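turn this into a model:
(one chain, ligands or ions: 1)
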Amino acid sequence: MQPRPTLSPRSRVIAKVGLVLTLACGGLAAAPGAQAAAGPYERGPAPTNSSIEASRGPFATAQTSVSSLVTGFGGGTIYYPTDTSQGTFGAIAISPGYTARWSSLSWLGPRLASQGFVVIGIETNTIYDQPDSRGRQLLAALDYLVQSSSVRSRIDSSRLAVAGHSMGGGGTLEAARSRPSLQAAIPLAPWNLTKSWSTVRVPTMIIGGETDSIAPVSSHSEPFYSSIPASSEKAYMELNNASHFFPQSPDTTMAKYMISWMKRFIDDDTRYEQFLCPRPSGLAIEEYRDTCPHA
Ligand SMILES: CCCC(=O)Oc1ccc([N+](=O)[O-])cc1
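The predicted model follows:
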């Protein structure tokens with residue numbers, strides 16, 4: 001056993017004076033009632049498990065249609081918080097999958113917007129567009145949102161993200177790779193012939209379904225996740241007993257962790273870190289991998 005270091009009487013006096021001065025200046029402990037400084041992009045009250053599992057968050061929302069005549073994508077629907085008292089919000093563009101329309105994912109619009117995001121659910125130029133095209137359309141939708149849309153003044157153009165289902169998830173990876181300034185990406189049951197995403201730097205949470213036979217996790221989500229370098233923030237969540245179509249109906253686990261990831265990385269809101277690190281577990285989650293703790 002190592003002997004404990006002893007302090008001379010003179011050193012003990014110096015240490016005690018130092019401690020008294022530190023406490024007097026508030027250096028070790030916050031004053032009673034003081035709160036940690038809020039990040040500049042935090043929106044809404046402190047989250048709880050039930051607030052992020054609920055079907056609606058704290059913000060009232062409205063929605064508006066986007067014409068199919070816009071340039072670069074096929075129109076869609078914008079969902080936004082009506083509150084203007086807290087400043088601007090981050091924004092998320094979401095693409096449906098092959099042959100599907102936004103209506104297949106539309107439950108996500110108010111679910112995410114009511115947590116404090118502007119959301120555009122897109123229609124693609126044609127329902128047969130491939131992932132590379134869907135990626136370009138997601139970026140065109142974000143450009144439209146911040147430059148031309150009727151809600152542009154509500155958005156912080158430096159805090160943007162993408163998500164999508166299946167080929168829309170493959171497009172989400174394409175968009176993240178081509179625009180590293182995005183703050184977050186969430187491919188859902190992503191499908192893509194490209195397996196290596198080693199140049200993705202955007203914080204990316206991939207959500208796959210255990211029993212997916214259209215984009216099996218073994219040949220899609222898992223290699224996609226593995227190929228993203230560990231120096232990029234990333235997470236892989238596999239939903240227990242979920243098919244390829246899990247994003248097409250309200251899914252509490254998927255929504256809860258999408259909200260946490262988007263809040264953590266679009267809003268730099270560290271109040272949501274508790275839901276991501278230590279890594280989530282439970283009956284709904286077959287597997288979870290991550291880069292915790294987040295830098
Ligand atoms: C809702 C449709 C989801 C989706 O994109 O499914 C598919 C993904 C890939 C193929 N395919 O490569 O033929 C088909 C459907």
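
okay, CA-based contacts and neighbour counts for the rest of this
OK.

got a list of what the residue most central in space within the chain touches?
Residue closest to the average C-alpha location in the chain (CA atoms, centre = their mean): residue 262, at 2.4 Å. Neighbouring residues of residue 262 by CA atoms under 8 Å, 6 or more residues apart in numbering: 161, 184.

residue 39 versus that one, what's the distance?
For residue 262, the distance to residue 39 (CA to CA, to the nearest Å) stands at 15 Å.

same check on residue 200?
In terms of CA to CA, residue 200 sits 26 Å off from residue 39.

ok, the two, which is more surrounded?
residue 200 (24 against 12; other CA atoms under 10 Å).

what pLDDT does the nearest residue to the more buried one once chain neighbours are set aside get?
Counting by CA to CA, 6 or more residues apart in numbering, residue 177 is the residue found nearest to residue 200 once chain neighbours are left out, at 4.8 Å. pLDDT, residue 177: 98.

what does the chain have sitting close to the ligand?
97, 98, 99, 100, 166, 167, 191 (CA under 6 Å from any ligand atom).

quick one, what contacts the nearest residue to the third one once chain neighbours are set aside?
If I follow you right, that is residue 99. Closest residue in space to residue 99, ignoring its immediate chain neighbours: residue 127 at 4.4 Å, by CA to CA, 6+ apart. Taking CA under 8 Å, 6+ apart, we find residue 127 in contact with 98, 99, 100, 101.

is residue 127 part of a helix or strand, or is it coil?
Here residue 127 is recorded as coil under DSSP: H, G, I helix; E, B strand; the rest coil.

now do the contacts for the residue lying closest to residue 233 once chain neighbours are set aside.
Spatial nearest neighbour of residue 233, excluding adjacent residues (CA to CA, 6+ apart): residue 203 at 4.6 Å. For residue 203, the contact set (CA under 8 Å, 6+ apart) comprises 183, 184, 185, 232, 233, 234, 265.

just those residues: which are in helices?
Judged by DSSP state H, the contacts of residue 203 include residue 265 as members of helices.

got the contacts of residue 203 as CSV, with pLDDT and neighbour count columns?
Compiled in CSV, the contacts of residue 203 are given as follows (pLDDT from 0 to 100; neighbours: other CA atoms under 10 Å):
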residue, pLDDT, neighbour count
183, 98, 25
184, 99, 28
185, 99, 32
232, 98, 17
233, 98, 21
234, 98, 26
265, 98, 24
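
between the contacts of residue 203, which is nearest the ligand?
residue 185 (17.3 Å; CA to the nearest ligand atom).

now residue 286. Nearest residue, chain neighbours left out?
Nearest one to residue 286, counting by CA to CA, 6+ apart, is residue 240 at 4.5 Å.

distance of the one you found from residue 187?
Distance from residue 240 to residue 187, by CA to CA: 17 Å.

got it, and residue 176?
For residue 176, the distance to residue 187 - CA to CA - is 10 Å.

next: residue 138.
For residue 138, the distance to residue 187 - CA to CA - is 12 Å.

equivalent analysis for residue 207, please.
6 Å.

any idea which helix or strand carries residue 141?
For residue 141, the host element (DSSP states H and E) is helix 131-147.

thanks again, I'm all set now.
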